[in-house]
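**Student:** Can you look at this prediction? I've put the sequence above it.
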Amino acid sequence: MAAPEPMRSDGITRRTLCVGGASIAALIAMGSLRYVGHNPLPRPPGGQDESHLVSACIRCERCYEVCPRQVIVPAHIEDGLLGMRTPTFNFDVNYCDFCSEENGGVPLCVLNCPTEALVLPEGATPENTIMGKAVIDQYQCLAFRETGCRYCFDACPYEAIEMRDGRPYIIADKCNGCGACESVCVSLKAGSIAAGATERAVVVKPVEE
Ligand code: SF4
Ligand code: SF4
Ligand code: SF4
């Protein structure tokens, strides 16, 4: 039986580093990260520079593992080949609160990233770290069917949703893409009344989209 691969003190195996290094070398060999087929994605704190994230991330999955809310997931091939397995979000059941409950507001994903692929600039706050922007699909939103639904409004920690005539509207300047609204939206959980619905009525989209 093969001997187990030696683990570095920071928990990363040599193979992981080699795979990551090879990926980065491939990216450099391609000459540019502005490649065909790469789609920007909502990113965890510190991942807002797409080119830096894609080139520095070694796909070690540490950020997924340490996230206490388990909202970080790997990007898939349909998100773009070079960004595959870099960290993005799944807000199905939770949202990013900057680890305010577990680590006093210091993001554990950033602290544990071994390559500084996730790195926050000096003075970064939850308010000025724009991970994405929430967008409401009025055809799927139950409040636009006069149901009185306001789950997203109640969930937003940043007062980035206002209710007008019983309907929610995103205040884009205040939204940081935390995903709290998406995580509680009932448009699919309770059965959307919009035919052909495939996602929730409020979804966090990438900033550049
Ligand atoms: S800041 Fe905390 S809650 Fe947000 S993605 Fe990073 S680890 Fe998860
Ligand atoms: S911890 Fe850093 S290097 Fe590892 S997968 Fe996450 S972003 Fe990439
Ligand atoms: S609108 Fe949604 S994504 Fe934007 S800050 Fe509020 S809860 Fe977070």
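**Tutor:** Ah, there it is. Ligands and ions are numbered 1, 2, ... in the order given.

**Student:** Helices of this protein, start to end?
**Tutor:** Assigned by DSSP state H, the chain shows helices spanning 14-29, 50-56, 62-66, 108-112, 151-155, 180-184.

**Student:** Next up, the contacts around Cys67.
**Tutor:** 44, 108-109 (C-beta atoms under 8 Å, 6 or more residues apart in numbering). C-beta: built from backbone N, CA, C; applies to glycine.

**Student:** Around ligand 3, pick out the residues from the chain.
**Tutor:** Neighbours of ligand 3 within the chain, by C-beta under 6 Å from any ligand atom: 134, 155-156, 158, 160-161, 170, 175-181, 204.

**Student:** hmm, try it at 5 Å
**Tutor:** Residues of the chain lying close to ligand 3 by C-beta under 5 Å from any ligand atom are 134, 156, 158, 160-161, 175, 177-178, 180-181.

**Student:** and which of those residues is nearest to ligand 1?
**Tutor:** Using C-beta to the nearest ligand atom, Cys178 comes nearest to ligand 1 of the residues of the chain next to ligand 3, at 8.2 Å.

**Student:** Quick check: the closest one vs ligand 2, distance?
**Tutor:** Distance from Cys178 to ligand 2, counting by C-beta to the nearest ligand atom, to the nearest Å: 18 Å.

**Student:** Tell me which residue lies nearest the centroid of the protein.
**Tutor:** For the chain, Phe89 is the residue whose C-alpha lies nearest the centre (C-alpha atoms, centre = their mean; 3.1 Å).

**Student:** give the contact list for that one.
**Tutor:** Residues in contact with Phe89 (C-beta under 8 Å, 6+ apart) are 41-44, 71-73, 96, 131-132, 179, 204.

**Student:** Quick check on those: which are buried?
**Tutor:** Among the contacts of Phe89, those classed as buried by 16 or more other C-beta atoms under 10 Å are 41-44, 71-72, 96, 131-132, 179, 204.

**Student:** With respect to Tyr151, which of these is nearest?
**Tutor:** Gly179 (13.3 Å; C-beta to C-beta).

**Student:** so what's the closest one up against?
**Tutor:** Residues in contact with Gly179 (C-beta under 8 Å, 6+ apart) are 42, 71, 89, 91, 94-96, 131-132, 134, 204.

**Student:** wait, doesn't Val54 sit right on Asn39?
**Tutor:** No. Assessed by C-beta atoms under 8 Å, Val54 is found out of contact with Asn39, at 11.1 Å.

**Student:** So those two - more neighbours on which side?
**Tutor:** When Val54 and Asn39 are compared for neighbours, Val54 comes out ahead with 23 against 14, by other C-beta atoms under 10 Å.

**Student:** per-residue confidence for that one?
**Tutor:** We have a pLDDT of 94 for Val54.

**Student:** Please report how far Tyr139 lies from Val106.
**Tutor:** Distance, Tyr139 to Val106, using C-beta to C-beta, to the nearest Å: 39 Å.

**Student:** circling back to that earlier point, closest one of the contacts of Phe89 to Cys113?
**Tutor:** Nearest to Cys113 out of the contacts of Phe89 is Pro44 (C-beta to C-beta; 9.1 Å).

**Student:** residues contacting the closest residue to that closest one other than its chain neighbours?
**Tutor:** Spatial nearest neighbour of Pro44, chain neighbours left out: Cys109 (4.9 Å); criterion: C-beta to C-beta, 6 or more residues apart in numbering. Going by C-beta under 8 Å, 6+ apart, Cys109 touches 44-46, 63, 66-67, 72, 87, 118.
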